[in-house]
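my questions concern the predicted model and sequence given below.
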Amino acid sequence: MSHNRRSLAPVANLVLLLAASGACSPGRTAPPADPSPASARPHADLILTNARVYTLAWGEPAADGAPAANAPHGPAGWTPDAQAVAIRGSRIVFVGANDAAVAWRGPASRVVDLHGATLLPGLVDSHVHILELGRMLERVNLVGVTTEAEAVEKVAARAAVTPKGAWILGYGWDEGAWANHYPTLKLLSERVPDHPVYLRGLHSYAVWGNRLAFERANITPATRAPAGGEIKHDASGAPSGVLVNAAVKLLESAIPTPTAAEFDAVVLKGLQAMAEAGYVAVQEAGADTELMAAFERLAATGRLPIRVYVMLSGRDHALLERWLPRGRETPGEQRMLTTLGVKVFFDGALGSRGARLLAPYVDRPGERGVPTPEAAFDPKLTAAMMKAGFQVDIHAIGDAANREALDFIEGVMKDAPSARTGRHRIEHAQVLDADDVPRFARSGVIASMQPSHAVEDMAWAEDRLGAERVKLAYAWRTLRRAGARLVFSSDLPGTDYNVFYGLHSAIARQDRAGKPEGGWRADQRMTPEEALRGYTTWAAYAAFVEQHTGALAVGRWADLTAMDIDPLSAGEQAPAQLLAGKIRMTIVAGRVVKSSP
Ligand SMILES: [Zn+2]
């Protein structure tokens, strides 16, 4: 730790500052500020000291990003507004200076010296696909591997720690780059003879397997490829180890369906990775019946390491019908699983030109993306869910899809005032028409956006949209100026969920190499405070828990994240430093779920 120690605001100022912001106002069940003498005070279970604490309990920044008058920000930059936090059970009981925190210490208290780490309200990733992340982490990762021998060694290393006979799944060898010299089953079968192996290509149109896998799938020289597929053969006419397009399923169908316990383990792996990455909560963007069942089993057995807020998959009509009478669930301090919303799709992606646009793609004249919301979208059922209090989370990327999403939400709200309380969201809100920008604030629709998408799409977004329309693409600042609420997320596993990458993308609008100079469409950048709020305060609002979390104050849930870099100071002075940030501690409902020295 080499951060300069800034002088701390005196505690008296801190108290005034918190009181002025109204952020201390406790939730319904929160205890009042503790007036009792130290001797009569109950002890804290956990006391975190010597931290740079940013409570985020001060006022919201202005639409242009300027910090509130009561923010601990001055000409010299940001100053932490506390040093220590004490936790009892699953609540925060003290926020303030080190010496005052000591009064909460009892014989059983655990005291953790954070040695100058930054302590913040717990981070939230508000749009994730946790099952896909778990699967990705469980499979052998061959992304970036350049030779067959190297890929085989990675699989062999996994085989060494996998019971014989069990399938080994992997992904990421580049079937595009390797198309002229496809790998075969020979070396793979020699090095991995006792496990069936299934290795999906990076672009998902080819798979590569070993001999045992082909035997299990009963693929022989006599096997004919299905229509639209191809079985690669060697000179002798035997299957050589690679299947392409529709033939992929010949091998895939031989992989046994996971048991419930195996399925749960994959989901848990994804959630544990998020706890390690500093997140105290995620919002799952589309759980179907099977994933919901896994979440419920994990919750019932106390195994969810972090909070999971669920958007039910709008494609799973039976699941929606089951949830409709139950209504939106109310989050709770000890509760790890809460169902809030319904996820539906109004278009595709901009990269593949599936985003629905009002005018044609510049680089594909005549095309405007997919014609209507996907077939699985049931407007009646979705509207009924909204009227029952559920949040609707509409995937909309193109300006036409965003307009239709706003039309749909406004239509339902006009119909039924009960639907107004749903804090509805548009997921991505990537390309907007100027006429639609003010509608977000007017209708209370949250723009749920992914800072990394701007950085990852900047190379080609203008090719698709042209110089004019791109001005209202990834337009965080324009939306803020129009009064819209934002929330930030990764949309993992499509992009890196490392929060430092997300913060850097939001603050700099540059890639990891610092390109382009000054940031891409720099007028849309967020300040460090706005970027951080996108993963904390604003995420709390999007999950209906802004009275309980999103800020550090007495009576709030004990959900916190500690990191080795000060994102406000670094973000303001040298955003590139953020990319080296590390998570030190993740605390959920008072439980330490990740801790590193
Ligand atoms: Zn998504």
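Thanks, I have the structure now.

name the nearest residue to the residue of the stretch 251-400 of the chain found nearest the ion, sequence neighbours excluded.
Proximity to the ion, evaluated over the stretch 251-400 of the chain using C-beta to the ion, is greatest for Ala285 at 4.5 Å. Just so you know, the C-beta spots here come from the backbone N, C-alpha and C atoms, and that holds for glycine as well. Distances taken as C-beta to C-beta, 6 or more residues apart in numbering put His127 closest to Ala285, at 4.7 Å, once the chain neighbours are dropped.

neighbours of the one you found, how many?
Around His127 there are 28 other residues, counting by other C-beta atoms under 10 Å.

over to Arg423?
20.

what does the one 10 residues further on give?
Asp433 is surrounded by 17 other residues when neighbours are defined as other C-beta under 10 Å.

now do it against Pro42, distance only.
Separation of Asp433 from Pro42 (C-beta to C-beta, to the nearest Å) stands at 56 Å.

Gly209 too?
Distance from Gly209 to Pro42, by C-beta to C-beta: 61 Å.

show me where the stretch 301-450 of the chain has helices.
317-323, 379-387, 399-415, 437-443 (DSSP state H, counting those that start in this stretch).

which residues in the stretch 101-250 of the chain form helices?
130-138, 148-159, 185-191, 211-216, 248-252.

could you dump those helices to TSV with mean pLDDT and mean neighbour count?
Converted to TSV, the helices of the stretch 101-250 of the chain look like this (pLDDT from 0 to 100; neighbours: other C-beta atoms under 10 Å):
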stretch	mean pLDDT	mean neighbour count
helix 130-138	95	20
helix 148-159	97	17
helix 185-191	97	18
helix 211-216	97	20
helix 248-252	96	20
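
of these, which is nearest the ion?
helix 130-138 (9.2 Å).

those residues of the stretch 451-597 of the chain touching the ion, which are they?
Contact residues (C-beta under 5 Å from the ion) of the stretch 451-597 of the chain with the ion: Asp491.

could you measure from whatever residue of the stretch 451-597 of the chain ends up closest to the ion over to Ser448?
For the stretch 451-597 of the chain and the ion, the shortest gap (C-beta to the ion) falls at Asp491, measuring 4.4 Å. Note on Asp491: its distance to Ser448, by C-beta to C-beta, is 9 Å.

what ranges of this protein fall below the confidence cut-off?
The model of the chain has pLDDT under 70 over residues 1-40, 597.

show me what contacts the residue nearest in space to the middle of it?
Against the mean C-alpha coordinate of the chain, by C-alpha atoms, centre = their mean, the closest residue is Asp125 at 3.5 Å. Shown in contact with Asp125 (C-beta atoms under 8 Å, 6 or more residues apart in numbering): Met274, Tyr279, Ala281, Val282, Gln283, Ser489, Ser490, Leu492, Tyr497, Val499, Tyr535.

is the third one in a helix, a strand, or coil?
Three-state secondary structure (criterion: DSSP: H, G, I helix; E, B strand; the rest coil) places Ala281 in strand.

ok, now which ones touch it?
Ala281 neighbours (C-beta under 8 Å, 6+ apart): Gly122, Val124, Asp125, Ile306, Arg307, Val308, Tyr309, Ala539, Ala543, Asp559, Val588.

just checking, the fourth one touches Leu271?
Looking back up the chat, that one is Ile306. Yes: Ile306 is within contact range of Leu271, at 5.8 Å (criterion: C-beta atoms under 8 Å).

common neighbours of the two, please.
By C-beta under 8 Å, 6+ apart, the residues touching both Ile306 and Leu271 are Val282.

which one is Ser505 nearest to, not counting chain neighbours?
Closest to Ser505 by C-beta to C-beta, 6+ apart is Pro451, at 3.8 Å.

from Pro371, how far out is the one you found?
30 Å.

and the two? which has more neighbours close in?
A side-by-side neighbour count of Pro451 and Pro371, using other C-beta under 10 Å, places Pro451 first with 28 against 8.

flag every buried residue along stretch 366-376.
Arg368, Gly369, Val370, Pro373 (16 or more other C-beta atoms under 10 Å).

now, which of those sits nearest Thr527?
Gly369 (32.8 Å; C-beta to C-beta).

got the contact list for Asp491?
Asp491 neighbours (C-beta under 8 Å, 6+ apart): His127, Val128, His129, Ala285, His428, Gln450, His453.

out of these, who's nearest Ala359?
For the contacts of Asp491, the nearest to Ala359 is His428 (19.0 Å; C-beta to C-beta).

quick one: contacts for that closest one?
His395, Ala396, Ile397, Ser448, Met449, Gln450, His453, Asp491.

beta partners of it?
Beta bridges link His428 to Ala396, judged by DSSP bridges.

still on that earlier bit, out of the helices of the stretch 101-250 of the chain, flag the one nearest Lys387.
Of the helices of the stretch 101-250 of the chain, nearest to Lys387 by C-beta to C-beta is helix 130-138, at 28.1 Å.

contacts for the closest one?
169, 171, 265-271, 273-274, 282, 284, 291, 294, 308, 492-493, 497.
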